[in-house]
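Undergrad: Below: sequence and its predicted model.
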Amino acid sequence: MLKTSSDILALDVGGTRIGVAHANPVARIASPLTTVINDATVFEKLVQLLQQQDAAVLVVGLPRNLSGDSTEQTRIVEQFVLQLKQHIDLPVYWQDEAVTSRQAEAELRARGKPYAKGDIDALAATYILEDFLRDHPEVKA
């Protein structure tokens, strides 16, 4: 299949897992892609995934508390992205990720089917990407 444009990928970075979502920049419809284990090889796995998906833009969920203030998790994710940028040459955008994991878990629970924690992470990344696409219509891959 001939690909006419590169994907936009989003990450929901957690201590154990990283949820990944993707969207075609033309259709601008986000969907869950996968979950990556956050271990010693995480950067290699993410680089490979970004290449496989022909990613042109990366969006990362920025965790903050409900007041919008930075937290310890904010600093952890910011440090993670600094390290990731040493391995990639893509524009990286931040997107507020307030309550996306809770929203994802509630949706999966409402479906009434079994799900894993990784499903929550990938769906949370999808919400992050949907919010980004809505808030930034000017960003093209």
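TA: The structure has been received and is ready for your questions. Residues are numbered from 1 along each chain as shown.
Undergrad: and stretch 22-29, how far apart are its ends?
TA: Using C-alpha to C-alpha, to the nearest Å, the end-to-end distance of stretch 22-29 comes to 8 Å.
Undergrad: How far off centre is that stretch?
TA: 14 Å (C-alpha atoms, centre = their mean, to the nearest Å).
Undergrad: need the contact list for residue 67.
TA: By C-beta atoms under 8 Å, 6 or more residues apart in numbering, the contact list for residue 67 is empty. Glycine gets a C-beta too; all of them are placed from N, C-alpha and C.
Undergrad: Mind naming the longest helix for this protein?
TA: Ordering each helix of the chain by length in residues (DSSP state H) puts helix 117-135 first.
Undergrad: Could you give me the buried positions within that helix?
TA: Using 16 or more other C-beta atoms under 10 Å as the test for burial, helix 117-135 gives 118-133.
Undergrad: Likewise for stretch 12-23?
TA: Applying 16+ other C-beta under 10 Å to stretch 12-23 flags 12-14, 17-23 as buried.
Undergrad: Could you export those as JSON lines, including distance to residue 78, pLDDT and secondary structure?
TA: Below are the buried residues of stretch 12-23 laid out as JSON lines (distance: C-beta to C-beta, whole Å; pLDDT from 0 to 100; DSSP: H, G, I helix; E, B strand; the rest coil):
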{"residue": "12", "distance to residue 78": "15", "pLDDT": "96", "secondary structure": "strand"}
{"residue": "13", "distance to residue 78": "10", "pLDDT": "96", "secondary structure": "strand"}
{"residue": "14", "distance to residue 78": "14", "pLDDT": "93", "secondary structure": "coil"}
{"residue": "17", "distance to residue 78": "18", "pLDDT": "96", "secondary structure": "strand"}
{"residue": "18", "distance to residue 78": "15", "pLDDT": "97", "secondary structure": "strand"}
{"residue": "19", "distance to residue 78": "18", "pLDDT": "97", "secondary structure": "strand"}
{"residue": "20", "distance to residue 78": "19", "pLDDT": "97", "secondary structure": "strand"}
{"residue": "21", "distance to residue 78": "20", "pLDDT": "97", "secondary structure": "strand"}
{"residue": "22", "distance to residue 78": "23", "pLDDT": "96", "secondary structure": "strand"}
{"residue": "23", "distance to residue 78": "23", "pLDDT": "95", "secondary structure": "strand"}
